[in-house]
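**Q** Have a look at this fold, sequence not included:
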């Protein structure tokens, strides 16, 4: 199994291989779509090969180009914690609790110089709804049962979010 970081020094966007394609873990910042696309191309990966997006949490550096990804990959399943839905709809992650270390604090201050300090990202434009078992469902996608990993490997369009 190949595991590839198609992100950069600041942003980690991982892709791992499954039997019939790839799972992407997080998207990265809103402005990073093109650089992720270039890195994918270097590894011979096309957007059509991405089966699932596993969204670790709804922050600008993890869900930044979610809308563009859903446009490029209409077949993709989004796996996420249902608690992230309000943040994805708002387009701004809360900065509750501040920074955990001095290094993190300085990093955040530097990011604010480049307009990243407000932690903004495009709110989701395609409605995601919460299904009967807490899954994110994209409109027009049938519900099927199974684990998140099985859903991706079988091209099932329903994904069970983690809690």
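**A** Cool, the structure landed. Note that the structure is predicted; figures quoted are calculated from it, not measured.
**Q** Please report how far the closest residue to residue 120 other than its chain neighbours lies from residue 58.
**A** Nearest non-adjacent residue to residue 120, counting by C-beta to C-beta, 6 or more residues apart in numbering: residue 92, 5.2 Å away. (C-beta placed from N, C-alpha, C; glycine too.) Separation of residue 92 from residue 58 (C-beta to C-beta, to the nearest Å): 9 Å.
**Q** Likewise for residue 72?
**A** Relative to residue 58, residue 72 is positioned 20 Å away (C-beta to C-beta).
**Q** ok, these two, which is more surrounded?
**A** Each of residue 72 and residue 58 has its neighbours counted (other C-beta atoms under 10 Å); residue 58 has more, 24 against 15.
**Q** Is it correct that that one falls within a strand?
**A** No. Counting by DSSP: H, G, I helix; E, B strand; the rest coil, residue 58 is not part of a strand but coil.
**Q** distance of it from residue 38?
**A** Taken as C-beta to C-beta, the span from residue 58 to residue 38 is 25 Å.
**Q** swap in residue 124?
**A** To residue 38, residue 124 is 25 Å away according to C-beta to C-beta.
**Q** Residue 14 contacts residue 4, correct?
**A** Yes. The criterion here is C-beta atoms under 8 Å, and residue 14 meets it with residue 4 at 6.9 Å.
**Q** which of residue 124 and residue 38 has more neighbours?
**A** Legend: neighbour count by other C-beta under 10 Å for residue 124 and residue 38, higher for residue 124 (20 against 10).
**Q** in a helix, that's where residue 69 is, yeah?
**A** Yes. Assignment of residue 69 by three-state DSSP places it within a helix.
**Q** What is the burial count for it?
**A** Residue 69 has 20 neighbours, counted by other C-beta under 10 Å.
**Q** Next up, the contacts around the residue nearest to it when sequence neighbours are not counted.
**A** Distance criterion C-beta to C-beta, 6+ apart; nearest residue to residue 69, sequence neighbours excluded, is residue 27 at 5.5 Å. Residues in contact with residue 27 (C-beta atoms under 8 Å, 6 or more residues apart in numbering) are 13, 33, 36, 53, 55, 62-66, 69.
**Q** And for residue 64?
**A** Neighbours of residue 64 in contact, by C-beta under 8 Å, 6+ apart: 27-32, 121-122.
**Q** Among the residues you listed, name the buried ones.
**A** Buried members of the contacts of residue 64, counted by 16 or more other C-beta atoms under 10 Å: 27-30, 32, 121.
**Q** so what pLDDT did residue 9 get?
**A** Note for residue 9: predicted pLDDT of 80.
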